[in-house]
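Visitor: Turn this into a structure:
(2 chains)
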Amino acid sequence: MLQLNVLREQTDLVVAGLNKKNYKNAAQEVAAIVELDQQRRQIQSTHDELQARANAISKEIGILMKSGDREKAEASKAETSELKQQTKSLADQLSAIEEQIQQALYKLPNLPHTSVPEGRTAEDNEVVLQHGEIPQLHEGAQPHWELIQKYDIIDFELGNKISGAGFPVYKKQGARLQRALINFFLDEAMKAGYMEVQPPILVNEASGYGTGQLPDKDGQMYHAKEDNLYLIPTAEVPITNIYRDVIVPVEQLPIKNAGHTPCFRREAGSWGADVRGLNRLHQFDKVEIVQITLPEKSYEALEEMSSYIQGLLQKLELPYRVLRLCGGDMGFTSALTYDMEVYSTAQNRWLEVSSASNFETYQSNRLKLRYKTESGKTQLLHTLNGSALALPRIVAAILENNQTPDGINMPKVLHPYLGFEKIG
RNA sequence: AGAGAGUUGGCGGAGUGGUCGAACGCGGCGGUCUUGAAAACCGUUGACUGUAACAGGUCCGGGGGUUCGAAUCCCUCACUCUCUGCCA
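Guide: Numbers count the residues shown, from 1 in each chain, chains lettered A, B, ... in the order given. Next comes the predicted model:
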């Protein structure tokens, strides 16, 4: 959530930022909020004045009662009753206005960093770099949804039977590959200084609001209504919410956490072409890295996360490219996002396997995640996260890019985790 | 799922209608003492809002009510704990 004082003091900057994100009616909406805030503060100060008087009188009554001066006390009581009426009415106005402001603020996305390119769709994303050779496959090479059947390692039919579309069953070497990747990713994260956590995968409403999935993405999460809990779409939610309502001691910064969880996404409305096989699922596994840093260190941290993720892709010997997302393609809560895409040779397309973002204070403002400056002021920290990595598309790319007529070669780094070097 | 108890500042824990933003202890910070440290002693120590700075206002799980006045009384919701039941 954007900070009110930023809207108030840097209105033009905010409007420009929202425009870059293709947010409609930015100027009007921001002006409306600033106007509401103006009203709010005016009412507030009148309210506070009246309240102060009432408080003072009440205190006097207390003293009069003790000293036994009943008559004077009664007189003072009458005096406060009118004050009370007025204060009540002002307080009602205040809470109505505050609610309006809150709702309006929830609707505003984060402002993009200055380096974010202009643009509306994925076409406008900027390719920052590309790495690795795109392999030449043999005649008759297949996409992964055929390979998994051929080697019987992932079964969508079984998943359909048990749950429905988008819930595959991993079997044999396929299951082993999942486990190997998870362990490999977690081990790498530990080596890079991340603390491993294993959070809950159902979260309450407050957590959903904390990281910004609510109210923005309400319909995209599975919701256990009976208990009002949400299945997490990413480990970002529970891990970042560990630090909700926390004032972090400066010496503990930066906080670096990593965790593996299943992720659940309803993907309502986004089913269609290009979602065959592992490309888009309702349930998948992911290792997520989360950082919490001082404001002045967050972009440095984002670069560090980006190169860490690239390192993983290099170790897995996958050809990839890094995109800097344009204003229109970025997530709601992000200030700058790098997407990592792996080339799927058999599908002839780039697959997004990771997304690393800096949220600056957008999440921490909701989370009330702060630190104390040297001068003793409490200030918002910056939050960041990235996938490191999401499994399904990595699996798809490994299967497709490493296929040979007589089996699929596994990347060397995974051999010790897998206990085999080849599928088939 | 049933019954009961509870939710107070970084932590523990007082406080059942008035001067309580909240005793006391621990922890933290500053100081005295010390070559240094420990101990002891003294002082200090919540957040939000607001202001040029003061002042002022709000916050004792959330919301509502009673009252001139609520941490304290009432209603309601949420959560936690204990016992019983069930269960990996």
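
Visitor: residues near the residue in chain A that RNA strand B sits nearest to, how many?
Guide: For chain A, the residue closest to RNA strand B is A:Gly62, as judged by C-beta to the nearest atom of the strand, at 2.9 Å. Heads up, the C-betas are built off the backbone N, CA and C, glycines and all. Residues near A:Gly62, counting by other C-beta atoms under 10 Å, number 12.

Visitor: Give me the residue ranges of the stretch 201-350 of chain A where confidence is low.
Guide: Scanning the stretch 201-350 of chain A for pLDDT under 70 picks out the ranges A:269-274.

Visitor: Please enumerate the strands of it.
Guide: Remark: strands assigned in the stretch 201-350 of chain A by DSSP state E, counting those that start in this stretch are A:202-203, A:223-224, A:229-231, A:246-248, A:255-264, A:283-293, A:320-324, A:336-344, A:349-360.

Visitor: Dump those strands into a markdown table; add mean neighbour count as well.
Guide: As requested, the strands of the stretch 201-350 of chain A are arranged in a markdown table below (neighbours: other C-beta atoms under 10 Å):
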| stretch | mean neighbour count |
| --- | --- |
| strand A:202-203 | 18 |
| strand A:223-224 | 13 |
| strand A:229-231 | 21 |
| strand A:246-248 | 16 |
| strand A:255-264 | 20 |
| strand A:283-293 | 24 |
| strand A:320-324 | 21 |
| strand A:336-344 | 24 |
| strand A:349-360 | 23 |
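
Visitor: Can you add distance to RNA strand B and give these back as TSV?
Guide: Shown next, in TSV, are the strands of the stretch 201-350 of chain A (distance: least, C-beta to the nearest atom of the strand, whole Å):
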stretch	distance to RNA strand B
strand A:202-203	12
strand A:223-224	11
strand A:229-231	8
strand A:246-248	7
strand A:255-264	17
strand A:283-293	17
strand A:320-324	33
strand A:336-344	25
strand A:349-360	17
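
Visitor: Out of those, which gets nearest to A:Gly164?
Guide: Among those, the nearest to A:Gly164 by C-beta to C-beta is strand A:283-293 (10.1 Å).

Visitor: what's the offset of the closest one from the middle of its chain?
Guide: Taking C-alpha atoms, centre = their mean, to the nearest Å, one finds strand A:283-293 lying 9 Å from the centre of the chain it belongs to.

Visitor: just the angle between that strand and strand A:255-264, please?
Guide: 160 degrees (axes from the mean of the first three to the mean of the last three C-alpha atoms, to 10 degrees).

Visitor: With only the CA atoms kept, save strand A:283-293 in CSV.
Guide: Output of strand A:283-293 as CSV, limited to C-alpha atoms (Å, rounded to 0.1, in the frame of the first residue of the first chain):
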residue,chain,number,x,y,z
GLN,A,283,-0.7,-27.0,-7.5
PHE,A,284,3.1,-26.9,-7.9
ASP,A,285,6.2,-26.8,-5.7
LYS,A,286,8.4,-23.9,-5.4
VAL,A,287,11.4,-22.7,-3.3
GLU,A,288,11.0,-19.1,-2.5
ILE,A,289,13.7,-16.7,-1.3
VAL,A,290,12.7,-13.6,0.7
GLN,A,291,14.8,-10.6,1.8
ILE,A,292,14.0,-7.8,4.1
THR,A,293,16.5,-4.9,3.8
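
Visitor: ok, A:Ile63 - how many residues close by?
Guide: A:Ile63 has 11 nearby residues by other C-beta under 10 Å.

Visitor: coming back round to it: which element is the residue of chain A closest to RNA strand B on?
Guide: helix A:26-67 (DSSP states H and E).

Visitor: Go through the very next helix or strand once past that helix and flag the buried ones.
Guide: Under the assignment DSSP H and E, the closest C-terminal helix or strand after helix A:26-67 is helix A:70-107. Across helix A:70-107, burial judged by 16 or more other C-beta atoms under 10 Å covers A:Ala73, A:Ser76, A:Thr80, A:Leu83, A:Thr87, A:Leu90, A:Gln93, A:Leu94, A:Ile97, A:Ile101, A:Ala104, A:Leu105.

Visitor: Summarise which helices and strands helix A:70-107 is packed against.
Guide: helix A:26-67 (3 or more C-beta pairs under 8 Å, 6 or more residues apart in numbering; DSSP states H and E).
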